[in-house]
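Undergrad: sequence and predicted structure, then a few things I'm wondering about:
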Amino acid sequence: MEFNEYQKLASRTLYGNEQVLTNCALGVASESGELVDLIKKYTFHGHDLDKKELVKEMGDVLWYLSQIAEWADIPFETVAIQNIEKLTKRYPNGFSEEQSRKRID
């Protein structure tokens, strides 16, 4: 599935009024917290990593991010493309600790 197609399909379930941006921002924070909690329990509490739940929570974060882009009239693909361009500029040969320490941006 293409990013812009996902964004369009996801927006069918967007609801709200002028507060929609705030709702989506808070949604990113809360769903990210749920994702982090799964990873914390796996890393520090000895839980099995539940990949079904991991996918579910990542999907929830993706939905909120796509709807922030929708609200701002930004094609979701633009977000993905610009992020890859930034990473390519920052780490042209892939990640390295040295380049990370010397980062200017």
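TA: Arrived safely, thanks for sending.
Undergrad: what's downstream of the single longest helix found in the chain, the next helix or strand?
TA: In the chain, with assignment by DSSP state H, the single longest helix is helix 20-44. Using DSSP states H and E, the helix or strand that directly follows helix 20-44 along the chain is helix 51-71.
Undergrad: please save the CA atoms from that following helix in PDB.
TA: Taking C-alpha atoms only, helix 51-71 is exported to PDB below (Å, rounded to 0.1, in the frame of the first residue of the first chain):
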ATOM      1  CA  LYS A  51       4.300  -9.000  17.700                       C
ATOM      2  CA  LYS A  52       0.500  -8.800  17.100                       C
ATOM      3  CA  GLU A  53       0.300  -6.100  19.800                       C
ATOM      4  CA  LEU A  54       3.400  -4.400  18.400                       C
ATOM      5  CA  VAL A  55       1.900  -4.200  14.900                       C
ATOM      6  CA  LYS A  56      -1.400  -2.900  16.400                       C
ATOM      7  CA  GLU A  57       0.300  -0.100  18.400                       C
ATOM      8  CA  MET A  58       2.600   0.900  15.500                       C
ATOM      9  CA  GLY A  59      -0.500   1.000  13.300                       C
ATOM     10  CA  ASP A  60      -2.300   3.300  15.800                       C
ATOM     11  CA  VAL A  61       0.800   5.700  15.800                       C
ATOM     12  CA  LEU A  62       0.800   5.600  12.000                       C
ATOM     13  CA  TRP A  63      -2.900   6.400  11.800                       C
ATOM     14  CA  TYR A  64      -2.500   9.500  14.000                       C
ATOM     15  CA  LEU A  65       0.600  10.700  12.100                       C
ATOM     16  CA  SER A  66      -1.200  10.300   8.800                       C
ATOM     17  CA  GLN A  67      -4.200  12.300  10.100                       C
ATOM     18  CA  ILE A  68      -2.000  15.100  11.300                       C
ATOM     19  CA  ALA A  69      -0.600  15.200   7.800                       C
ATOM     20  CA  GLU A  70      -4.100  15.100   6.400                       C
ATOM     21  CA  TRP A  71      -5.200  18.000   8.600                       C
END
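Undergrad: what mean pLDDT does it have?
TA: In this model, helix 51-71 has an average pLDDT of 97.
Undergrad: which residues sit against it?
TA: Helix 51-71 has contacts (Cβ atoms under 8 Å, 6 or more residues apart in numbering) with 3, 6-7, 10-11, 13-14, 20-21, 24-25, 27-28, 31-32, 34-35, 38-39, 75-76, 78-79. In this view, the C-beta of every residue, glycine as well, is placed from N, C-alpha and C.
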